[in-house]
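Enquirer: Have a look; sequence and predicted model below, questions after that.
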Amino acid sequence: MDTDRLLPGPPPAAPEHDADDALRDPALYLNRELSQLDFNFRVLAQALDPQVPLLERLRFLCISCTNLDEFFEIRAATVRHAVDFGLPAAPDGIAPAALLDAIHDRAAGLVQAQYECWNQVLRPALAESGVRILGRNSWDKRQRRWLRAYFRNKVMPVLSPLGLDPSHPFPRILNKSLNVAVVLEGMDAFGRPGHMAIVRAPRSLSRIVELPPGLRGKGEQAFVLLSSMLAAFVDELFPGMTVRGAYQFRVTRNSELIVDEDEVENLASALRTELVGRGYRPAVRLEIAHDCPKPIVRTLLQNFELGENAVYYIDGPVNLNRVIQVHDLVQRPELKYPPFTPRNRLEDENVFKIVTRGDVLLHHPFDSFSGVLELLSQAAADPDVLAIKQTLYRTGKDSAIVEALVQAARNGKDVTAVVELRARFDEEANLAFADRLQEAGVQVVYGVVGFKTHAKMLLIVRREGRRLRRYVHMGTGNYHSGTARAYTDLSLITADPDIGNDVHLLFQQLSGLAPSMRLKRLLQSPFTLHSGILDRIERETRIAASGRAGRIIAKMNALNEPQVVHALYRASQAGVSIDLIVRGACTLRPGIPGISDNIRVRSIVGRFLEHSRVYWFGNDGRPELYGASADWLERNLLRRVETCFPILDPALVERVQREALQNYLADNLNAWELGADGRYYKCAPEPDQAPYSAQQALLDAL
């Protein structure tokens with residue numbers, strides 16, 4: 001499989017009409033959805049890289065599958081919505097109906113590559129290493145006997161097979177659940193002829209089963225997928241009938257929750273109602289066994305109201321992402337990334353005294369997230385702390401952050417939590433911890449109607465002598481201990497009075513219906529961040545146009561906002577040197593002569609998910625550096641509550657510029673360069689270069 005070239009499309013010729021209009025030519029813009037799909041090819045490339053430890057390669061394969069699920073649940077569902085409502089094309093000019101076909105073609109290629117990786121590369125390599133995932137054709141007699149007993153005792157009792165006939169209509173199929181379509185022959189106990197039945201696997205059943213030691217080789221571990229057991233023993237569900245075929249399938253549904261916030265009095269109650277039905281919303285994709293007869297495929301498509309461009313034929317388990325359990329079940333350190341111990345810059349010290357001496361910057365996961373937890377836990381216990389205010393987007397299960405806020409409220413602090421209930425796929429968890437906070441006496445606010453609160457900020461008000469001092473934490477990532485170990489992010493802890501006052505005003509705005517206000521240090525969506533970015537790009541454009549060196553370096557997860565792309569094209573034409581480190585979707589085409597030949601775009605895919613957002617503007621020798629919660633996406637800049645915070649300490653500016661920007665521009669092992677043709681090319685060391693991984697360099701510095 002060619003992993004060096006992953007995006008189609010020839011480079012456009014520079015348009016010859018009006019210069020400003022030319023920069024809006026659809027040929028200059030890549031499609032956001034297709035670009036997002038291609039990020040998963042880069043993730044899959046990690047699964048094919050022999051330099052990556054074997055079980056980590058399995059993890060990357062499963063991540064690419066999970067990402068594809070979410071793509072269909074949200075992005076493809078949005079395109080289907082655009083088709084149904086006749087919405088116009090995006091700046092790339094691809095009409096929604098044509099885009100659905102393009103998504104199918106690209107996604108089908110990705111699915112084929114995923115299963116080739118599984119069947120031809122990883123599964124055999126795992127078996128050679130003593131980790132076997134056994135298909136039903138490879139079971140010996142003892143294994144089959146044990147598995148049949150397991151099926152009868154632990155699987156069959158919770159299955160409810162449903163024969164399809166006029167009195168048994170097609171059942172409701174839950175989003176992303178494992179199901180088997182069974183072709184039957186013969187008569188049941190009531191004399192009814194069998195044709196077809198559906199067997200649904202409840203979520204309560206483990207999707208992967210480990211065989212006991214006596215049924216596997218010495219020093220080996222062996223696993224069997226539930227889908228294999230269902231296919232092998234499904235005949236036990238239909239005694240007296242003959243099973244002519246059993247074909248696993250899975251349907252993916254639109255998972256975007258729709259709540260008209262202007263029409264509901266209680267957002268939490270409305271979301272709870274929506275969550276009940278989320279698993280049964282309109283279908284967007286059907287995955288089915290590759291050998292399934294066409295009549296069954298047509299029956300399923302008809303019942304799910306899908307066309308041929310929504311079906312994907314699978315040569316393996318339809319829920320391949322569930323194999324990620326093997327990564328956790330197998331304790332083989334030599335097959336995983338070596339462990340590391342992050343720095344703890346705030347360990348066993350009074351955080352307030354440290355921050356009073358100077359700003360603290362944490363680069364996660366290389367710096368421990370425990371520093372943020374320590375700040376909050378000390379604030380919860382400190383008798384001089386009067387108030388704590390925090391935004392919460394994602395926190396994870398059994399969150400230490402939530403427990404610290406609960407403890408602070410019990411200790412008599414005035415605690416306010418701005419909880420974003422609509423954090424995608426975390427809505428139920430957020431509702432639960434919001435209830436817990438309210439029960440403890442925390443004032444819980446559900447953000448702003450129509451705008452997700454995606455900002456990451458914590459404000460602590462502390463009495464020090466005769467005055468009050470504000471301490472602030474702002475970050476590029478969530479208050480989630482789990483992702484802080486797997487994602488790269490930046491945290492700034494500061495007592496800067498201007499930043500503290502700005503954050504105070506933002507919390508007033510979020511909780512008190514305050515009007516738009518002028519902030520001194522921070523940029524904020526949806527009010528000043530978009531225009532602030534455009535102004536700074538324009539400033540670099542003017543600097544370059546006057547003959548001096550214009551320079552922009554920006555790191556983010558995705559880029560699609562048309563005005564920002566347009567401004568970057570104009571800056572490039574003026575001579576501004578621009579480096580963009582964009583992990584995922586990017587709609588800008590770099591390297592087009594006369595338009596974007598001064599722009600370089602690279603994507604880093606490695607051990608950690610690159611998540612930090614950092615913007616650096618040269619400013620004619622007086623550089624400005626910002627961390628942010630926002631990507632350069634339309635939704636972040638125009639339809640969310642986001643924050644962008646300056647790094648003011650010159651030493652920290654130099655450190656972030658070195659660690660989070662230049663370090664990644666030097667990577668020649670995990671980097672992919674986006675070409676003018678819209679394809680990504682894997683970077684490799686030049687003959688005179690040493691191999692260099694940005695993430696490994698940061699680990700080596702610990």
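Expert: Perfect, I can see it now. Numbering: from 1, shown residues only.
Enquirer: CA atoms for contacts and neighbours, from now on please.
Expert: OK.
Enquirer: Wait, residue 603 touches residue 586, no?
Expert: No: counting by CA atoms under 8 Å, residue 603 sits too far from residue 586 to count as a contact (9.6 Å).
Enquirer: Any idea how far the lengthiest helix in the chain is from the middle of the chain?
Expert: Determined from DSSP state H, the single longest helix within the chain is helix 96-116. Computed by CA atoms, centre = their mean, to the nearest Å, the chain-centroid distance of helix 96-116 equals 19 Å.
Enquirer: What residues of it count as buried?
Expert: For helix 96-116, burial by neighbour count (16 or more other CA atoms under 10 Å) applies to 96-97, 99-100, 102-104, 106-108, 110-111, 113-116.
Enquirer: ok, the nearest residue to residue 476 once chain neighbours are set aside - contacts?
Expert: Distances taken as CA to CA, 6 or more residues apart in numbering put residue 629 closest to residue 476, at 4.5 Å, once the chain neighbours are dropped. By CA atoms under 8 Å, 6 or more residues apart in numbering, residue 629 lies in contact with 454-456, 475-477, 613, 642-644.
Enquirer: Need the per-residue pLDDT for residue 629.
Expert: Residue 629 is assigned 97 on the pLDDT scale.
Enquirer: elements contacting the helix or strand just after the longest helix of the chain?
Expert: Downstream of helix 96-116, the first helix or strand assigned by DSSP states H and E is helix 123-128. Here helix 123-128 touches strand 131-133, going by 3 or more CA pairs under 8 Å, 6 or more residues apart in numbering; DSSP states H and E.
Enquirer: Only the buried residues of the helix or strand that the strand it packs on is followed by, if you could.
Expert: Using DSSP H and E, the helix or strand that directly follows strand 131-133 along the chain is helix 141-150. Using 16+ other CA under 10 Å as the burial criterion, the residues of helix 141-150 that qualify are 143-144, 147-148.
Enquirer: Dump the residues you listed to TSV, plus distance to residue 571 and pLDDT.
Expert: Converted to TSV, the buried residues of helix 141-150 look like this (distance: CA to CA, whole Å; pLDDT from 0 to 100):
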residue	distance to residue 571	pLDDT
143	66	96
144	66	96
147	64	97
148	67	96
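Enquirer: and of those residues, the nearest to residue 464?
Expert: The closest of these to residue 464 turns out to be residue 147 (CA to CA; 67.0 Å).
Enquirer: Wait, the closest one touches residue 229, no?
Expert: Yes: if you go by CA under 8 Å, residue 147 and residue 229 touch, sitting 7.4 Å apart.
Enquirer: my guess is residue 300 is in a helix, correct?
Expert: Yes: membership of residue 300 in a helix is supported by DSSP: H, G, I helix; E, B strand; the rest coil.
Enquirer: ok, it - how many residues close by?
Expert: A total of 19 residues lie near residue 300 under the criterion other CA atoms under 10 Å.
Enquirer: That one and residue 109: what is the separation?
Expert: 22 Å (CA to CA, to the nearest Å).
Enquirer: What are the buried residues along stretch 532-551?
Expert: Neighbour count says stretch 532-551 has 532-534, 536-545, 549-551 buried, by 16+ other CA under 10 Å.
Enquirer: Helix, strand or coil: sort out residue 90 for me.
Expert: With three-state DSSP as the criterion, residue 90 reads coil.
Enquirer: What sits closest to residue 207 if chain neighbours are left out?
Expert: Closest to residue 207 by CA to CA, 6+ apart is residue 226, at 4.9 Å.
Enquirer: whoops, residue 380 was the one
Expert: residue 408 (4.1 Å).
Enquirer: One more: residue 156?
Expert: Using CA to CA, 6+ apart, the nearest residue to residue 156 is residue 237, at 7.6 Å.
Enquirer: Check the contact between the one you found and residue 161; I expect there is one.
Expert: Yes: Residue 237 lies in contact with residue 161 (CA under 8 Å); the separation is 7.1 Å.
Enquirer: Domain-wise, how is this protein divided?
Expert: 112-335, 351-520, 524-700 (automatic domain parsing).
Enquirer: Now the strand or helix carrying residue 568: buried residues?
Expert: Using DSSP H and E, residue 568 falls within helix 562-574. Within helix 562-574, the residues that count as buried by 16+ other CA under 10 Å are 562, 564-574.
Enquirer: And that helix, what does it pack against?
Expert: helix 529-545.
Enquirer: Tell me the helix or strand right after the helix it packs on.
Expert: By DSSP H and E, the next helix or strand past helix 529-545 is strand 551-556.
Enquirer: Quickly run through the sheet partners of that next one, with directions.
Expert: Partner strands for strand 551-556, per DSSP bridges, with pairing direction: strand 577-582 (parallel), strand 613-617 (antiparallel).
Enquirer: So what touches the shortest one?
Expert: It stands for strand 613-617. By CA under 8 Å, 6+ apart, strand 613-617 touches 476, 489, 536-537, 540, 551-557, 623-631, 657, 660-661.
Enquirer: How about residue 304: what's its closest non-neighbour residue?
Expert: Nearest non-adjacent residue to residue 304 (CA to CA, 6+ apart): residue 283, at 6.0 Å.
Enquirer: for the one you found, what are its contacts?
Expert: Contacts of residue 283 (CA under 8 Å, 6+ apart): 251-254, 304-306.
Enquirer: Let's see which of these end up in helices.
Expert: Those of those mapping onto helices are residue 304, per DSSP H.
Enquirer: helices and strands of this structure: which one bottoms out on pLDDT?
Expert: Every helix and strand in the chain was compared by mean pLDDT, DSSP states H and E; the lowest is helix 267-277, with a mean of 58.
Enquirer: right, and the helix or strand after that one?
Expert: Helix 267-277 is succeeded, C-terminally, by strand 283-289 (DSSP H and E).
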